[in-house]
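A.B. asks: Provided below for reference: sequence and predicted model.
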Amino acid sequence: MSYQKEIGRIGEQLVADWLKTNGYIITKRNFSCGYGEIDIVAERPKMVVFVEVKTRKQNSLVAPKDAVSKSKQEKLAKTAKTFLNRAYMKNMPYRFDVAEVTYRIGEDELPKYSLNYIKNAFFKDLSED
């Protein structure tokens with residue numbers, strides 16, 4: 001596994017752990033279909049939460065949340081709609097969150113991570129065809 005993939009995997013695990021600690025139930029990780037992939041699908045009472053995790057080195061030129069472009073949002077929306085239909089949850093309320101994970105290399109040469117969790121990072125109406 002490449003270094004970048006490993007850093008991304010660690011970021012996703014950090015977010016999954018944070019979600020569980022904060023009362024979310026992880027329904028699915030890395031759900032994919034022809035449109036794309038959703039990093040984490042979680043649930044709260046009467047709410048499905050689609051979480052896009054972006055892990056970046058501290059002081060990167062592009063902030064993690066800015067990496068979720070309009071085209072990425074469109075792909076996430078189509079993927080989310082597919083998930084809801086396959087899970088027989090198409091009438092459930094939903095939201096799209098972005099988890100910004102940043103890391104820096106500490107004095108011990110190991111990465112140190114921080115998390116900024118953004119609820120309702122963007123909205124997409126999934127009832128449209």
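C.D. replies: Noted; the coordinates are in hand. Residues are numbered from 1 along each chain as shown.

A.B. asks: Give the other helices and strands that the longest helix seen in the chain contacts.
C.D. replies: If you go by DSSP state H, the chain has its longest helix at helix 3-21. Helix 3-21 sits against strand 25-33, strand 36-44, strand 47-57, strand 94-105, strand 111-122, with contacts defined as 3 or more C-beta pairs under 8 Å, 6 or more residues apart in numbering; DSSP states H and E. Where C-beta positions appear, they are placed from N, C-alpha and C, glycine not excepted.

A.B. asks: Make JSON lines out of those and add mean neighbour count and distance to F83.
C.D. replies: Listed next are the helices and strands packed on helix 3-21 as JSON lines, based on neighbours: other C-beta atoms under 10 Å; distance: least, C-beta to C-beta, whole Å:
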{"stretch": "strand 25-33", "mean neighbour count": "15", "distance to F83": "5"}
{"stretch": "strand 36-44", "mean neighbour count": "19", "distance to F83": "6"}
{"stretch": "strand 47-57", "mean neighbour count": "21", "distance to F83": "8"}
{"stretch": "strand 94-105", "mean neighbour count": "20", "distance to F83": "9"}
{"stretch": "strand 111-122", "mean neighbour count": "14", "distance to F83": "17"}
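
A.B. asks: Looking at those, spot the one closest to R9.
C.D. replies: When the helices and strands packed on helix 3-21 are compared by C-beta to C-beta, strand 47-57 sits nearest R9, at 8.9 Å.

A.B. asks: Quick one: low-confidence residue ranges for the chain.
C.D. replies: By pLDDT under 70, the weakly predicted segments of the chain are 1, 128-129.

A.B. asks: Setting aside sequence neighbours, what's the nearest residue to the residue most central in space within the chain?
C.D. replies: By C-alpha atoms, centre = their mean, the mean C-alpha position of the chain lies nearest to E52, the distance being 1.9 Å. Excluding the flanking residues, the one nearest E52 by C-beta to C-beta, 6 or more residues apart in numbering is V98, at 5.1 Å.

A.B. asks: Quick check: bridge partners of that neighbour?
C.D. replies: Note on V98: beta-bridge partners E52, I118, judged by DSSP bridges.
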